[in-house]
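Novice: Mind folding the following:
(one chain, ligands or ions: 1)
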Amino acid sequence: MTLAPDLPTAPVAGDEALAIHGLTKRFGATTALDRASLVVRPGTVHALLGGNGSGKSTTIKVLAGVHQADAGRLAVGGREHDLATFSAADARAAGLRFVHQDLGLFSGLSVAENVALDAGYPVQARSRVQWRELHRRVGRLLHEHELDVDPRTPIDELRPAERTMVAIARALQDAGPDSRERLVLVLDEPTASLAQHESAELLDRVRRLADTGQTVVMVSHRMSEVLSVADDFTVFLDGRTVATLTDASPTEDELVELMAGRAVEALRPVDSSSATETLRLRTEALAGGPLRGVDLALHAGEIVGVAGLVGSGRSSLLRMLFGDLPSTSGTAHLDGSAYAPTSVADAMARGVALVPEDRGREAAFAPLSVADNLSVTRLRRFWGWRGMDRRAEYAEARRLIADFKVKVGGPEAGFTSMSGGNQQKVVLARWLQRDPTLLLLDEPTQGVDVMSRVDIYRTVREAARRGSAVLVASSDASELLALCDRILILREGRVDEDLTAESLHPDDLTRKLLRATSVREEDR
Ligand SMILES: Nc1ncnc2c1ncn2[C@@H]1O[C@H](COP(=O)(O)OP(=O)(O)OP(=O)(O)O)[C@@H](O)[C@H]1O
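Specialist: Modelled structure (predicted):
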């Protein structure tokens, strides 16, 4: 294991598939990367790890030619490149290929059309697309990537792991199986929104790609998955490389300690249930969108998880309870009186809060500062006859930034200047300070590092202890088990099972979820 960053003058070109040394990137007063290094051996899966805001995405953006570095040296496949002018076209020519969390696939198009969007359509004279040739070419590519999918299949009909595999096949399409060594595939949190069994399938595929010579760099916050697939590990802390582990088998605790820069205990919360007998929310045969009749009861102080495969109606249930998706039949009662919100404003007036999955698009006010994003649901509190009381607003924002351990320069910083995980913490902090009657969380810790995850679970448990009823939709079985008192399995828009979380193991939950699919398939 190497500790301490390499010097910027270290030799860069060698046998490595990818070598970065002395990488430095500043955004105004923020130093995102401080002489970081990343050295990747060919044909390996290399995990790039670090807490929220440690510099992983900035490194990927430098590699992709999105950001220009202030200093540093880069070699890909032994060839040096000038980082000061490194562009997206240079990245492609150098052999770097990227699959981001947003896969960049277009719904409504077929698999073949999505693949062609990257490589272009084969055309004949008079610009007519040669569909047969396209389908043949894409069929061969899918076969090479062990994907048993007809190229004409609409992309939306694929399972999430299959969609990611199509994005990977597309990224690697200009290298055949014999020339894979030429390319370096960078995967940015590829499993973040996948359920356990889907991740396992994808990681298996990634492993097999590496076994045939493909170099893969992978960013992930899911430690157990990283450990199951990676050969080598690089750990970032505050923009620096604090460890490089080659051909290593570290434990999860060792990795987390390196990421946190300190000994970490009590990572697994043991907070006891705060559920009471007071009924907060009851729904009867609630239907609309994919929901076909949901019956549920939620008590004050209770945290209830919603598990289900994609399409089971998890997010729709939360959106319906937040007045964002109309119900077509059924009833709901909140604190004893009828509850049928027809808008988000209606729901908020009844004390309901939702932290949506896509916080970037739906939950944040991107052009505003962190302080404004925190206070936006409580403007009245800071609004006086002399206008907005910025001092009070900023003082409150500073308190929340400290409580939620948000890594940001200060309350005046722009929301989008924060890393993804820190943005999520701000959105959560905003809603939790309202002490909601009903708190709806959709994938609450997606993109959040393991250290902050525990803080978030504790904060949610405290909100429940103060009386909120909490409904959490998550694709992460371990998260549901760490956080919830009960877990409901949704199947085809109905509650299929109601489980006590305490006695469950993540594998049991996954097995039950999969059983829900096989029953569904038998139904057909
Ligand atoms: N466009 C930007 N403007 C200002 N600061 C930025 C910008 N992009 C990133 N930063 C800062 O650089 C640092 C590193 O951020 P980066 O997004 O690389 O972290 P990360 O390791 O990818 O985090 P996460 O796990 O949350 O995605 C953070 O302090 C972040 O606030």
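
Novice: For the stretch 401-524 of the chain, which segments count as helices?
Specialist: Here the stretch 401-524 of the chain has its helices, by DSSP state H, counting those that start in this stretch, at 420-432, 450-465, 477-483, 506-523.

Novice: could you dump those to JSON lines with distance to the ligand?
Specialist: Every residue, glycine included, has its C-beta placed from N, CA and C. Output for the helices of the stretch 401-524 of the chain, formatted as JSON lines (distance: least, Cβ to the nearest ligand atom, whole Å):
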{"stretch": "helix 420-432", "distance to the ligand": "3"}
{"stretch": "helix 450-465", "distance to the ligand": "9"}
{"stretch": "helix 477-483", "distance to the ligand": "16"}
{"stretch": "helix 506-523", "distance to the ligand": "23"}
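
Novice: Comparing these, which yields the minimum mean pLDDT?
Specialist: Across the helices of the stretch 401-524 of the chain, helix 506-523 has the smallest mean pLDDT, namely a mean of 64.

Novice: Now for the residue nearest to residue 196 when sequence neighbours are not counted, how many residues are close by?
Specialist: What sits nearest to residue 196 in space, not counting adjacent residues and going by Cβ to Cβ, 6 or more residues apart in numbering, is residue 510, at 4.7 Å. Using other Cβ atoms under 10 Å, residue 510 is surrounded by 17 other residues.

Novice: Residue 510 and residue 255: what is the separation?
Specialist: In this view, residue 510 and residue 255 are 23 Å apart by Cβ to Cβ, to the nearest Å.

Novice: quick revisit: tell me the contacts of the residue nearest to residue 196?
Specialist: Contact analysis of residue 510 by Cβ atoms under 8 Å, 6 or more residues apart in numbering lists 195-197, 477.

Novice: And the furthest pair within those residues?
Specialist: Greatest spacing in the contacts of residue 510, by Cβ to Cβ: 197 and 477 (9.4 Å).

Novice: Have a look at these two and say which one is more surrounded.
Specialist: Counted by other Cβ under 10 Å, residue 197 and residue 477 do not tie: residue 477 has more neighbours, with 24 against 18.

Novice: Pull the contacting residues for the more buried one.
Specialist: Neighbouring residues of residue 477 by Cβ under 8 Å, 6+ apart: 195-196, 307, 506-507, 509-510, 513.

Novice: what's the closest non-adjacent residue to it?
Specialist: Among residues not flanking residue 477 along the chain, residue 506 sits closest, at 4.0 Å (Cβ to Cβ, 6+ apart).

Novice: Residue 421 contacts residue 448, correct?
Specialist: Yes: applying Cβ atoms under 8 Å as the test, residue 421 and residue 448 come out as touching, 4.5 Å apart.

Novice: Give me the common contacts of the two.
Specialist: Residues within reach of residue 421 and of residue 448 at once, by Cβ under 8 Å, 6+ apart, are 52, 221.

Novice: pLDDT score assigned to residue 151?
Specialist: Note on residue 151: pLDDT of 92.

Novice: how about it, what does it touch?
Specialist: 110-112, 115, 134-135, 138-139, 142.

Novice: now with 6 Å?
Specialist: Going by Cβ atoms under 6 Å, 6 or more residues apart in numbering, residue 151 touches 111-112, 135, 138-139.

Novice: Among the residues you listed, the buried ones, what's the ChimeraX command?
Specialist: Buried residues among these (16 or more other Cβ atoms under 10 Å), as a ChimeraX selection:
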select :111,112,135,138,139
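
Novice: okay if I get the contacts of residue 151 as a markdown table plus secondary structure?
Specialist: Converted to a markdown table, those look like this (DSSP: H, G, I helix; E, B strand; the rest coil):
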| residue | secondary structure |
| --- | --- |
| 111 | helix |
| 112 | helix |
| 135 | helix |
| 138 | helix |
| 139 | helix |
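
Novice: Name the nearest of the contacts of residue 151 relative to the ligand.
Specialist: Proximity of the contacts of residue 151 to the ligand was ranked by Cβ to the nearest ligand atom; the top entry is residue 111 with 29.0 Å.

Novice: Identify the residues contacting that closest one.
Specialist: Applying Cβ under 6 Å, 6+ apart, we find residue 111 in contact with 149, 151, 153, 155, 166.

Novice: Residue 114 now?
Specialist: Residues in contact with residue 114 (Cβ under 6 Å, 6+ apart) are 105, 155.

Novice: any idea whether it is helix, strand or coil?
Specialist: Taking three-state DSSP, the label given to residue 114 is helix.

Novice: Kindly state the pLDDT recorded for it?
Specialist: 91.

Novice: how far away is it from the ligand?
Specialist: Taking Cβ to the nearest ligand atom, to the nearest Å as the measure, residue 114 falls 26 Å from the ligand.

Novice: List, one by one, the residues from the stretch 351-500 of the chain near the ligand.
Specialist: Within reach of the ligand by Cβ under 6 Å from any ligand atom, the stretch 351-500 of the chain has these residues: 407, 417-422, 447, 449.

Novice: Going by distance to residue 282, which of those wins?
Specialist: Of these, the one sitting nearest to residue 282 (Cβ to Cβ) turns out to be residue 447, at 32.9 Å.

Novice: surely that closest one meets residue 422?
Specialist: No: applying Cβ atoms under 6 Å, one finds residue 447 not in contact with residue 422, separated by 9.5 Å.

Novice: Which one of the two is surrounded by more residues?
Specialist: residue 422 (25 against 20).

Novice: how about that one, what does it touch?
Specialist: By Cβ under 6 Å, 6+ apart, the contact set of residue 422 is 52-53, 406-407.

Novice: go again using 8 Å as the cut-off
Specialist: Here residue 422 is in contact with 52-53, 406-408 (criterion: Cβ under 8 Å, 6+ apart).

Novice: now residue 146
Specialist: By Cβ under 8 Å, 6+ apart, residue 146 lies in contact with 205, 208.

Novice: Next one: it from residue 445, what distance?
Specialist: As judged by Cβ to Cβ, residue 146 and residue 445 stand 31 Å apart.

Novice: where does the stretch 151-300 of the chain have low pLDDT?
Specialist: Scanning the stretch 151-300 of the chain for pLDDT under 70 picks out 176-181, 264-271.

Novice: what about the helices in the stretch 1-150 of the chain?
Specialist: Under DSSP H, counting those that start in this stretch, the stretch 1-150 of the chain gives helices at 56-63, 88-94, 111-119, 131-144.

Novice: Pick out the shakiest of those helices, pLDDT-wise.
Specialist: Here the helices of the stretch 1-150 of the chain differ in mean pLDDT, and the lowest is helix 111-119 at a mean of 84.

Novice: That one to helix 131-144, inter-axis angle?
Specialist: Counting by axes from the mean of the first three to the mean of the last three Cα atoms, to 10 degrees, helix 111-119 points 90 degrees away from the direction of helix 131-144.

Novice: How far away from the center of its chain is stretch 22-34?
Specialist: Relative to the mean C-alpha coordinate of its chain, stretch 22-34 is positioned 24 Å out (Cα atoms, centre = their mean, to the nearest Å).

Novice: List the buried residues in that stretch.
Specialist: Result for stretch 22-34 [16+ other Cβ under 10 Å]: buried residues 22-25, 30-34.

Novice: Look up how far the ligand lies from residue 290.
Specialist: 30 Å.

Novice: what about the residue nearest to residue 284 when sequence neighbours are not counted, neighbour count?
Specialist: Closest residue to residue 284 in three dimensions, ignoring its sequence neighbours and counting by Cβ to Cβ, 6+ apart: residue 331, at 5.1 Å. Residue 331: 13 surrounding residues under other Cβ under 10 Å.

Novice: Fine by me, thanks again.
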